[in-house]
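In: Predicted coordinates and the sequence they were generated for:
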Amino acid sequence: MRAMSRLALAALIGFTCVAEAQAAEFWIAEGEEVFGAAQVIEARHEDTFVALARRYNVGYEELRQANPDVDEWLPGEGTKITIPTFYVLPRAPQRGIVVNVAELRLYYFPADSGPVPEGVAPGSRRVITHPISIGRMDWSTPLGVTTITAKVANPSWYPPQSIRDEHAARNDILPRVVPPGPNNPLGLHAMRLGLPGYLIHGTNRPSGVGMRVTHGCVRMFPEDIEALYKTVPVGTIVNIVNQPVKLGWAADGTLYLEAHPALPESDVDGENVAAEAAAAEAVEQPIHESPLTSLMRAYVAVTEERRIELDWDAAERVAQQGRGVPEAISVAGSVAPLETEVAAASPVSGD
């Protein structure tokens, strides 16, 4: 299929496969850092990754990473496709919105989870997660902590001069103001961030969700931003991190690893990013971190309070493959609180 035909097909499918979209709300028991479950489906003859992404509320790139050997445009009738709906939480405070640019995914932790449903463990908390698009390499989405400062329904778009210049270079002249309507790239809902010029918003081109295609804003499926718009209050904390490698505990003490390809221009883990970026800029060098370095960084953070024996061969394989599907990497029965190890090694003082 020619490139133009594929793009046209993607645009058509993006507007027609909303009805089957799956819910993206989960309940996590106390102490759990992994949730959901991966699904394996058999493709129908008309399926594409663009259609499946919206149907299962996952991103296009997430599907490509999880299924590297499957043709994203013509999977083929009966082809088994992994739907990556199993997640490790980013290592960040579980409040407000957490955006992990490395996995092109947003997590929302409502301040009030409401009553725990029947069958869910008491003390469980609610998390809502959606795929997103972020800025492409020359328009990177900024990292850091900010807030939702305003919410706008049916927003007008005021493209900055830099974007108007970019379009003009392609003989596509943008007006100073794009009014609400089908030609507005912000869609029907927008939430303004405290970072000047940046939004979390919808789109009139949902086929691009789950890719690096924006000018730095966070773009969502229309139905996802509509749901968030109704529930996220102004003033909500938004923490934007870059964590290609994530480790998290299951309730039974198993440690899971989820890894994604690192963003080529900045492979840092989201902690102290501003300081590290400033240092790198001072010597005119980008920040780069290998998957194994990211793995070690995450391992140190996750084992501050618990000791665990890892299957390092499996951990290195998962980190290097970057498929975005969590796998257990701990040796069964090896987890223990750090204080247990310290107590065993410390002599008992006496007279």
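Out: Everything's here; your move.

In: Tell me where the model's unsure across this structure.
Out: Along the chain, the parts satisfying pLDDT under 70 run over 1-23, 137-138, 160-162, 167, 172-173, 175, 265-288, 333-351.

In: May I see the domains of it written out as residue ranges?
Out: If you go by automatic domain parsing, the domain ranges for the chain are 3-240, 243-343.

In: mind putting those in JSON lines, mean neighbour count included?
Out: In short, each C-beta sits where N, CA and C put it, glycine included. Below are those laid out as JSON lines (neighbours: other Cβ atoms under 10 Å):
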{"stretch": "domain 3-240", "mean neighbour count": "17"}
{"stretch": "domain 243-343", "mean neighbour count": "17"}
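
In: my guess is residue 331 meets residue 310, correct?
Out: Yes: using Cβ atoms under 8 Å, residue 331 makes contact with residue 310 at a distance of 6.9 Å.

In: need the strands for the stretch 51-200 of the chain, in chain order.
Out: Ranges of strands in the stretch 51-200 of the chain, per DSSP state E, counting those that start in this stretch, are 80-83, 86-88, 96-100, 105-109, 125-131, 134-135, 144-153, 189-193, 199-201.

In: want to throw those into TSV with distance to residue 289?
Out: Formatted as TSV, the strands of the stretch 51-200 of the chain follow (distance: least, Cβ to Cβ, whole Å):
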stretch	distance to residue 289
strand 80-83	26
strand 86-88	18
strand 96-100	15
strand 105-109	19
strand 125-131	24
strand 134-135	18
strand 144-153	18
strand 189-193	26
strand 199-201	26
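
In: roughly how far apart are the nearest residue to residue 219 once chain neighbours are set aside and residue 247?
Out: Excluding the flanking residues, the one nearest residue 219 by Cβ to Cβ, 6 or more residues apart in numbering is residue 133, at 3.9 Å. To residue 247, residue 133 is 26 Å away according to Cβ to Cβ, to the nearest Å.

In: Repeat that for residue 169.
Out: As defined by Cβ to Cβ, residue 169 lies at a distance of 44 Å from residue 247.

In: Any idea how far apart the tips of stretch 125-136 sit?
Out: With Cα to Cα, to the nearest Å as the measure, stretch 125-136 spans 33 Å from end to end.

In: Just checking the distance from that stretch to the centre of its chain.
Out: Chain-centre distance of stretch 125-136: 5 Å, with Cα atoms, centre = their mean, to the nearest Å.

In: ok, now stretch 58-74?
Out: In terms of Cα atoms, centre = their mean, the gap separating the centre of stretch 58-74 from the centre of its chain is 15 Å.

In: Equivalent analysis for stretch 143-156, please.
Out: Computed by Cα atoms, centre = their mean, the chain-centroid distance of stretch 143-156 equals 18 Å.

In: do the same with stretch 321-329
Out: Centroid separation for stretch 321-329 versus its chain: 14 Å, with Cα atoms, centre = their mean.

In: got a list of contacts for that stretch?
Out: Stretch 321-329 is contacted by residues 34, 38, 62, 65-66, 68, 82, 84, 86-88, 103, 244, 248, 250, 254-262, 291, 310-311, 314-315, 318 when judged by Cβ atoms under 8 Å, 6 or more residues apart in numbering.

In: Please report how far the residue sitting nearest the centre point of the chain lies from residue 68.
Out: The centre of the chain sits closest to residue 105, judged by Cα atoms, centre = their mean, with a distance of 1.8 Å. Distance, residue 105 to residue 68, by Cβ to Cβ: 19 Å.

In: Tell me if I'm right that residue 226 and residue 189 touch.
Out: Yes: using Cβ under 8 Å, residue 226 is in contact with residue 189, at 5.6 Å.

In: Give the intersection of the neighbour lists for those two.
Out: residue 202.

In: Quick one: residues contacting residue 201.
Out: Neighbour list for residue 201: 155, 186-187, 189-191, 217-220, 225 [criterion: Cβ under 8 Å, 6+ apart].

In: What is the nearest of these to residue 47?
Out: Of all the contacts of residue 201, residue 47 sits closest to residue 220, with 22.2 Å by Cβ to Cβ.
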